[in-house]
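Colleague: kindly return the folded structure for what I paste below:
(2 chains)
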Amino acid sequence: MMFFDQILQGIFLGAYYALIACGLSFLFGVMRIINLAHGSIAVLSAFLVLSLAEHFGISPFFALLLAVPVMAAAGFVLQRTILERSLRSGPLTPLLSTFGLAVVLDNSMFQSFGANTRSLAPNIGDLSFAGWSGPGGIEVGQLAVLTLVVAVALLSGLQALLTYTPLGRAIRACAEDPETAELVGIDARHVYAAATAIALVTVAIAGTFLAMRSTFDPYTGPTQLIFAFEAIVIGGTGSLWGTLIGGIVLGVAQNLGSQVSPQGFLIGGHLAFLLVLAARFAFAGRDWRGWFGVRSRAVA
Amino acid sequence: MWEVSARSHEMSERPNVLNAAAIVKRFGSFAAVTGVDFQVGAHEAVGIVGPNGAGKTTLLNVLAGTYLASAGTVHFEGSDISHLDAASRCRLGIARTHQVPRPFANMTVFENVFVASSMGGGHSRERAYEGCIASLQLCGMLDVANRQAETLGLLDRKRLELARALATDPKVLLLDEIGGGLTDAEAAELVAIIKQLRARNIAIVWIEHILHVLLQVAERLVCMDAGRVIAEGVPEVALAHPAVIEAYLGSGVT
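Modeller: Predicted structure coming up:
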């Protein structure tokens, strides 16, 4: 039963990883950019939501609503000022510029907010610890369930956006071939800016959940980036539902690892990541799309 | 939806829909196009021929807005579009197909055409849907509309290029060697489609190496070599021009 409980908790943890990974996956699928500032932006939005919640004395969920347009605007600016320029000079430059952005963000947050560890847990009352008891002593946290629901809703929403809306079709067309997309009347600059804005909205949501479910400080970003990155690689790059599965595999592996040894949490996750990576190299050349029976939509 | 024009087909009475003047396109120190004047009359079908490296595709890219000209101007229906990007030009009514088809491979045939119809044609959902169906029908692709574009063969990919360009409601359609790589029978199918576009008053600019295919449609030929226009006019006259014969066959032995 202990084993089952760990898997269950791993799934809930994985839902958070999917939440943090989906913006990174989305941006990679659309623009072939690995945004190394992703984790730092998540922490930045956590600070933003925390500041709003404390300043106005409002619930973090309401503060998140206020933060969403701010982060969307920030995404637009990020695309126009940094990503677009660096994309012009080859695939490596965005890596460097977003790495630089991460360093700047982390240290600016350290300057502004200090080294103290923060959390939104005190702002959400019972939700941070309330749960339901199941048979065999299994406890299911309300926040964990909410995370899973939000993750599934967000991924479904993104999938629906890509499949059914004019913007979504334009995003997919640009992801495949921006030059041809221009030739059928799609303004790729506009589409990329919109896609980055969407990605940063998902980051704002992820950052809020990061702050509610645990503690964070200005240097939490890189760790979150690694978890997001591992979830994406396990689940398949650019595939949204793969990201959910990747997050869950990572979460379960970490939880099972922690059962083996106290240091096993991170090692379990990294091990799962390496195993999947090795399997991919071993079976290189096969068609990995549809690996989980889902077609990736955002993949080029 | 479309009306066959009642206008005279006399060339002199047609205003130019597309007017490119003194176009130069340089890539570094290499000039691919060196001072080309090029006009397309409304509803006209112009063929562009010339040996490889003559600058035909570069000229097409400058007209479509994929490249901005290094010098010279492009006017469309009287207004200067020299500095507009490809997406804006497409929305004005200039569409282009690729020599090697470039479908959005992970989208269905329908989605490929629908995205063109809604974004390039600027239509609302219903109008875009109708335009999309009309384009697919004209190009004979309704039965494969729900197939993933990557599963199509070459002829269907070429048809899809046509259908997608057509869905943007072009006034001028730029075709880059759409007959290349096809058998005569397959090329004949495309010619039949392109003739229907002509009947719908869409002006055509067509680069093609396969002359007997091109001549079924083109009213006027422009012959290019080494980045400039060496002859133009009615096909028989243009092809008989000494400079054209020399560009293709070399000069006679003396």
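Colleague: tell me the SS of the residue in the stretch 101-250 of chain A positioned nearest to chain B?
Modeller: Proximity of the stretch 101-250 of chain A to chain B (CB to the nearest CB) peaks at residue A:185, 2.8 Å away. The C-beta positions use only the backbone N, C-alpha and C, and glycine is treated the same way. Following DSSP: H, G, I helix; E, B strand; the rest coil, residue A:185 is assigned to coil.
Colleague: and for it, the neighbour number?
Modeller: Neighbour count of residue A:185, defined by other CB atoms under 10 Å in any protein chain shown: 27.
Colleague: what of residue A:164?
Modeller: Residues near residue A:164, counting by other CB under 10 Å: 10.
Colleague: phi, psi of it?
Modeller: phi -110, psi -10 (degrees, to the nearest 10).
Colleague: for it, what are its contacts?
Modeller: Residue A:164 makes no contacts at all, as judged by CB atoms under 8 Å, 6 or more residues apart in numbering or on different chains.
Colleague: now it: how far from residue B:237?
Modeller: Residue A:164 is 54 Å from residue B:237, where distance means CB to CB, to the nearest Å.
Colleague: ok, back up a step: once you drop chain neighbours, what's closest to the residue of the stretch 101-250 of chain A closest to chain B?
Modeller: Counting by CB to CB, 6 or more residues apart in numbering or on different chains, residue B:120 is the residue found nearest to residue A:185 once chain neighbours are left out, at 2.8 Å.
Colleague: please apply the same query to residue A:148.
Modeller: The nearest residue in space to residue A:148 (CB to CB, 6+ apart) is residue A:15, at 3.9 Å.
Colleague: same check on residue A:224?
Modeller: residue A:39 (3.8 Å).
Colleague: got the phi/psi numbers for the residue of the stretch 101-250 of chain A closest to chain B?
Modeller: Torsion angles, degrees, to the nearest 10, at residue A:185: phi 90, psi 10.
Colleague: that one touches residue B:92, doesn't it?
Modeller: No. Residue A:185 is beyond contact range of residue B:92, at 9.3 Å (criterion: CB atoms under 8 Å).
Colleague: can you show me the strands along chain A?
Modeller: A:131-133, A:139-141 (DSSP state E).
Colleague: out of those, deepest packed?
Modeller: strand A:139-141 (a mean of 15; mean count of other CB atoms under 10 Å in any protein chain shown).
Colleague: check contacts around the residue nearest to residue A:185.
Modeller: A:184-186, B:90-91, B:95, B:167-169.
Colleague: show me which pair in those is furthest apart.
Modeller: The distance between the two most remote of the contacts of residue B:120 (CB to CB) is 14.9 Å, for A:186 and B:169.
Colleague: between these two, which has more neighbouring residues?
Modeller: Comparing residue A:186 with residue B:169 by other CB under 10 Å, the one with more neighbours is residue A:186, at 27 against 22.
Colleague: which ones are touching that one?
Modeller: Going by CB under 8 Å, 6+ apart, residue A:186 touches A:170, A:173-174, B:87, B:115, B:119-120.
Colleague: over to residue A:206?
Modeller: A:16, A:19-20, A:22-23, A:42, A:45.
Colleague: closest to chain B out of these?
Modeller: Using CB to the nearest CB, the contacts of residue A:206 come closest to chain B at residue A:22, 18.8 Å.
Colleague: buried set for stretch A:146-158?
Modeller: A:146-148, A:150-151, A:154-155, A:158 (16 or more other CB atoms under 10 Å in any protein chain shown).
Colleague: chain A contacts on chain B?
Modeller: B:64-66, B:85-88, B:90-91, B:95-96, B:98, B:102, B:104-107, B:111, B:114-116, B:118-122, B:125, B:164-165, B:167-168 (CB under 8 Å from any CB of the partner chain).
Colleague: same thing but at 6 Å, please
Modeller: Residues of chain B lying close to chain A (CB under 6 Å from any CB of the partner chain) are B:86-87, B:90-91, B:96, B:102, B:104, B:115-116, B:118-120, B:164, B:168.
Colleague: turn the residues you listed into a markdown table, including distance to residue A:230, pLDDT and secondary structure.
Modeller: Output for these, formatted as a markdown table (distance: CB to CB, whole Å; pLDDT from 0 to 100; DSSP: H, G, I helix; E, B strand; the rest coil):
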| residue | distance to residue A:230 | pLDDT | secondary structure |
| --- | --- | --- | --- |
| B:86 | 39 | 94 | helix |
| B:87 | 37 | 94 | helix |
| B:90 | 41 | 95 | helix |
| B:91 | 42 | 94 | helix |
| B:96 | 42 | 94 | strand |
| B:102 | 34 | 94 | coil |
| B:104 | 30 | 94 | coil |
| B:115 | 33 | 94 | helix |
| B:116 | 38 | 94 | helix |
| B:118 | 38 | 92 | helix |
| B:119 | 36 | 91 | helix |
| B:120 | 40 | 90 | coil |
| B:164 | 39 | 95 | helix |
| B:168 | 42 | 94 | coil |
